[in-house]
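S.K.: sequence? don't have it. structure:
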């Protein structure tokens with residue numbers, strides 16, 4: 001194409017020279033318009049993707065992060081430790097699947113006399129993790145006879161490693177991290193839940 005233009009430009013015919021010049025101007029104009037259109041398209045695409053990103057962040061933050069989930073007292077629980085002490089907790093019961101899945105996620109505080117009590121249909125190996133959990137927890141595994149069979153102390157916030165019970169458990173109690181040691185709560189301790197669930 002370039003050789004054809006050069007050949008035509010060597011002619012002494014001014015009309016041909018004008019046509020070639022106009023063609024060049026038209027081609028340049030088309031290229032310029034194409035570049036401008038591409039630039040505008042990319043700008044709109046970027047703004048669209050940015051808007052979606054902002055909406056997603058805002059939606060999920062509002063849904064799960066920015067709204068503080070308050071503790072709800074459903075019952076009380078008493079642990080009888082091996083030094084004849086009775087440790088009383090107000091408990092929030094997690095029995096349905098949604099509540100068991102969420103657990104203590106997105107909460108930023110837990111009092112020493114509070115805990116979340118998980119109720120399962122049968123006794124089995126239990127697996128927990130600390131995803132989206134902002135406070136350290138002691139996770140206490142309890143068998144069907146309400147005897148503590150395992151304790152995982154000071155589970156680290158936001159860590160997604162699996163926390164597996166060493167023995168089968170039907171119930172699990174989550175309390176503030178470090179409280180098991182402070183209150184002398186150990187494997188073999190028994191407990192009583194005040195109200196049926």
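M.R.: Looks like it came in fine. Keep in mind that what you see is a predicted model, and the values were worked out from it rather than measured.

S.K.: From here on, just use CA atoms for contacts and neighbour counts.
M.R.: Fine.

S.K.: What residues does residue 146 make contact with?
M.R.: Residues near residue 146 by C-alpha atoms under 8 Å, 6 or more residues apart in numbering: 171, 190-192.

S.K.: now it: how far from residue 170?
M.R.: 9 Å (C-alpha to C-alpha, to the nearest Å).

S.K.: coming back round to it: tell me which of the contacts of residue 146 fall in strands.
M.R.: 171, 190-192 (DSSP state E).

S.K.: now, which of those sits nearest residue 151?
M.R.: residue 171 (12.1 Å; C-alpha to C-alpha).

S.K.: and the gap between that closest one and residue 121?
M.R.: Taking C-alpha to C-alpha, one finds residue 171 at 9 Å from residue 121.

S.K.: Between these two, which is the more surrounded one?
M.R.: Legend: neighbour count by other C-alpha atoms under 10 Å for residue 171 and residue 121, higher for residue 171 (25 against 8).

S.K.: Do I have it right that the more buried one meets residue 120?
M.R.: Yes. Using C-alpha atoms under 8 Å, residue 171 is in contact with residue 120, at 6.2 Å.

S.K.: Now that residue 104 has come up, it's in contact with residue 133, right?
M.R.: Yes. Under the criterion of C-alpha under 8 Å, residue 104 makes contact with residue 133 at 6.1 Å.

S.K.: Tell me the residues that contact both of the two, please.
M.R.: By C-alpha under 8 Å, 6+ apart, residue 104 and residue 133 have no common neighbours.

S.K.: These two: who's more crowded?
M.R.: Comparing residue 104 with residue 133 by other C-alpha under 10 Å, the one with more neighbours is residue 104, at 25 against 21.

S.K.: Next up, the contacts around that one.
M.R.: 116, 133.

S.K.: Quick check: it vs residue 181, distance?
M.R.: The value you get for residue 104 to residue 181, if C-alpha to C-alpha is used, is 20 Å.
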